[in-house]
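Q: kindly generate the corresponding structure for this input.
(2 chains)
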Amino acid sequence: MAYSDKVIDHYQNPKNVGTLDKASKSVGTGLVGAPECGDVMRLQIEVDDETGVIRDAKFKTFGCGSAIASSSLATEWLKGKTVDQALSIDNMAIVEELNLPPVKIHCSVLAEDAIKAAINDYRVKNGLEQLKFEESIVH
Amino acid sequence: MLKLPVYLDNNATTPCDPRVVEVMVPYFTENFGNAASRNHPFGWAAEEAVDYAREQVAKLIGADPKEIIFTSGATEGDNLAIKGVFEMYATKGNHIITATTEHKAVLDTCKHIEKLGGEVTYLQVKRDGLVDLAELEAAIRPTTILISIMYGNNEIGVLQPVREISAIAKRHGVLFFTDGVQAVGKVPVDVMKDGIDLMAFTAHKMYGPKGVGALYVRRKNPRVKVTAQMDGGGHERGMRSGTLNVPAIVGFGKAAELARLEMEQDTKRLSGLRDKLESELLKLEEAYVNGNREHRLPHVTNISFKHVEGEGLLMGFNKNIALSSGSACTSASLEPSYVLKALGLGDDLAHSSLRFGLGRFTTEDQIDYTIEQVSKTVLKLREMSPLWEMYKEGIDLNSIEWAAH
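A: Numbers count the residues shown, from 1 in each chain, chains lettered A, B, ... in the order given. Coordinates of the predicted model:
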C-alpha cells in the first residue's frame, strides 16, 4: 500500500512534535490509544485563558505513518482556533486531507479522540464540566 | 557501489538466480513437451529433464529421487502431507500434533482437519520459540498419527530440534512431517539423519522460480503413503495429478544443486553479515532479538525496537530497503504477529519488530546502509514517541490505564 504524498510529508517533516507543561492550568493533555493496539497519541493544547484561543499545540505519537501524519495535521489545525471551534474538527476531514485509505481511518479517529481528550483535560483543570462525546468508532 | 533498493525480505521470496533462469528457458520453447507423453521425442526430452531435476532436488535433502513428489509449492505440500496422512491413516487414528508458531498453511490445514472430525493439539512454544520436547511427548495419544513441526521458522528463523522430535515420533510409531520451506537449501537438511517421514519445501525460497515445490514422502522404514488431494491422470506416483510444470521443475533442480554446492560459502558470508547487522542494531537502547539465537537460520534476525511502531519505522526507509514488520497496522484485525505473541512477547514489542532476511545477493555495503538507515529512523521516531518519553521519565507503562479503542 502506498502512502499519499501528504502523509509522507507529515511523516518526514512532522509539525509541532514536542511536550507542553502538563501541570500548567492553561495546558490540556489528551493521551489516547494503547501500546497493544500499535498506536498511542499524546496531543496537548495551550489555551489563552482570556480569549479561549489555542496558542500552541504539540504531539507525540507511537504508531504508523498515518497516525503520525494525523496527529501532526491535527496540531496544525488546532493552532489559532478557539476551544469551541476545535471541537468541530471531524475525523473525516483528516481522512480527506490526508487521503487515508479505509484501513487507516482509525488513525484519524484517534486524532479526533485526542483533541477531545485534551479539551476535556483543559476544561476539568479550569473548573468546567467534562463534555460527553458519543462513542467513537471502536475497532 | 551501493545498489538500491536493498532487498532484505528473503524469507518472503528470493530472486531467481540467473543461472537458474538460463537452464529454464529452453523448456518454454524448444523442449515444451508434456513429460507424460511417452510416444515422441518432445515428451521424452521433458521426462528426461524432470528426472534429472528430481535427482538434483533429492540430492539436496539426502533422499531417493522416487521419494520426491513435485507440487505447486509448499502450501500445497503442507496440505497434501497433512490431509493426505489424515485420510490415508484414518483407521489408525485421527490425532495430529503441531505448534502455535507454524505457518498458516499448516495451522489452517489443521483447522480444516478439525472440521472433518480430526483432533489437533497445538503446542505452545518456549520463550525462545523452540518446542518443549517433554510436552510434545506427553501430547502423544494412542490415536496420534502425525507430528507436524516446522524445520525453521519464517518469522524468527529458529530451528526446531528436528532430530529429537523425529526420535520421539519413531518411538511412538507416529509419522513426522516437517515444513522445510525456510531451512532446505539454507542449512544441511538430511531426511535420513533427521528422521523425516514427510517434508514440504519450495523453489522460490532458494533462488528458484515461484509455483513449484516438492513433498518428500519416505518410501522405506516406514513406507509412507498419502491420499491424493487432486485427482486426475495419476502423475507423481498417483499422489499428485496434474501436468508437470517442466520449466519450473528444471529451474527448481538447478536451484537445489546450486544451494547444495554453495551452501557452505553462502552460510559463512550471510551469517557474518547478519551478525554485523544484529550487533550494530543492538547498540541502540532497548533493542531485543526475538527467538533463540543459537539454533537459528544463518541469514535471519528478528529485532524489536521498543517504543517504536514497526510500520511507522518501515516508512522511514521502505523506498530504499525492503523489510517485513511483525506489526500489522494495515490488517483489519490490527493483530500483531501471532508468532511473536506465541513467544510471550507483549503486543507492544510485537508491534515494534522488524524481520531482516538476508540473501545470496545481499552485499556488505547494503548491510552498512541498512544499519545506518534503521538506526537513524529508530532515534527519530523515539523522539516522537510518547512511550519513549514516559519510559525515559521512569514511568511504568503497565501502570497506565490505556483507553482501549
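Q: tell me where the stretch 301-405 of chain B has strands.
A: Here the stretch 301-405 of chain B has its strands, by DSSP state E, counting those that start in this stretch, at B:321-322, B:324-325, B:353-357.
Q: ugh, wrong one, the stretch 51-200 of chain B
A: With DSSP E, counting those that start in this stretch as the criterion, the stretch 51-200 of chain B has strands spanning B:68-71, B:95-99, B:119-123, B:144-148, B:175-179, B:198-202.
Q: against which helices or strands is the last one packed?
A: Read that as strand B:198-202. helix B:74-88, strand B:175-179, strand B:213-217 (3 or more C-beta pairs under 8 Å, 6 or more residues apart in numbering or on different chains; DSSP states H and E). Bear in mind the C-beta positions are built from the backbone N, C-alpha and C, glycine included.
Q: then the second one to PDB, C-alphas only?
A: Extracted C-alpha coordinates of strand B:175-179, given in PDB (Å, rounded to 0.1, in the frame of the first residue of the first chain):
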ATOM      1  CA  LEU B 175       4.800 -40.200  11.400                       C
ATOM      2  CA  PHE B 176       6.800 -36.900  11.400                       C
ATOM      3  CA  PHE B 177       6.100 -34.200   8.900                       C
ATOM      4  CA  THR B 178       8.100 -31.000   8.700                       C
ATOM      5  CA  ASP B 179       7.600 -27.800   6.800                       C
END
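Q: so what touches it?
A: When contacts are defined by C-beta atoms under 8 Å, 6 or more residues apart in numbering or on different chains, strand B:175-179 is touched by residues B:74, B:77-78, B:81-82, B:85, B:89, B:102-103, B:105-106, B:145-151, B:160, B:162, B:165-166, B:169-170, B:194-201, B:222, B:224.
Q: what's the burial count for residue B:398?
A: Using other C-beta atoms under 10 Å in any protein chain shown, residue B:398 is surrounded by 9 other residues.
Q: from residue B:235, how far out is it?
A: Computed as C-beta to C-beta, to the nearest Å, the residue B:398 to residue B:235 distance reads 57 Å.
Q: ok so, going back, can you say which of the strands of the stretch 51-200 of chain B is packed in most?
A: Ranked by mean neighbour count, the strands of the stretch 51-200 of chain B are led by strand B:198-202 with a mean of 29 (mean count of other C-beta atoms under 10 Å in any protein chain shown).
Q: quick check: angle from that strand to strand B:144-148?
A: On the basis of axes from the mean of the first three to the mean of the last three C-alpha atoms, to 10 degrees, strand B:198-202 is oriented at 30 degrees to strand B:144-148.
Q: between strand B:213-217 and strand B:198-202, find me the angle.
A: Using the same axes, to 10 degrees, strand B:198-202 lies at 170 degrees relative to strand B:213-217.
Q: measure how strand B:198-202 sits relative to helix B:74-88, angle-wise.
A: 160 degrees.
Q: what strands flank strand B:198-202, and is each parallel or antiparallel?
A: strand B:175-179 (parallel), strand B:213-217 (antiparallel) (DSSP bridges).
Q: which of these sits closest to residue B:32?
A: strand B:213-217 (21.7 Å; C-beta to C-beta).
Q: name the next helix or strand downstream of the closest one, please.
A: helix B:246-281 (DSSP states H and E).
Q: list the buried residues for the helix or strand that comes right after that next one?
A: Once helix B:246-281 ends, the next helix or strand along the chain (criterion: DSSP H and E) is strand B:287-289. Of all the residues in strand B:287-289, those buried under the rule 16 or more other C-beta atoms under 10 Å in any protein chain shown are B:287, B:289.
Q: could you do stretch B:374-386 as well?
A: Neighbour-count burial for stretch B:374-386 [16+ other C-beta under 10 Å]: B:374, B:375, B:377, B:378, B:380, B:381, B:382, B:384, B:385, B:386.
Q: show me what contacts the third one?
A: Looking back up the chat, that one is residue B:377. B:313, B:316, B:317.
Q: again, only using 10 Å
A: Contacts for residue B:377 were tallied using C-beta atoms under 10 Å, 6 or more residues apart in numbering or on different chains; they are B:305, B:308, B:312, B:313, B:314, B:315, B:316, B:317, B:318, B:321.
Q: using PyMOL, define a selection of the buried residues within the residues you listed.
A: Remark: buried members of the contacts of residue B:377, expressed as a PyMOL selection using 16+ other C-beta under 10 Å:
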select buried, chain B and resi 305+308+312+313+314+315+316+317+318+321
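Q: out of the contacts of residue B:377, the closest to residue A:64 would be?
A: Checking the contacts of residue B:377 one by one against residue A:64 (C-beta to C-beta), the nearest turns out to be residue B:312, at 4.7 Å.
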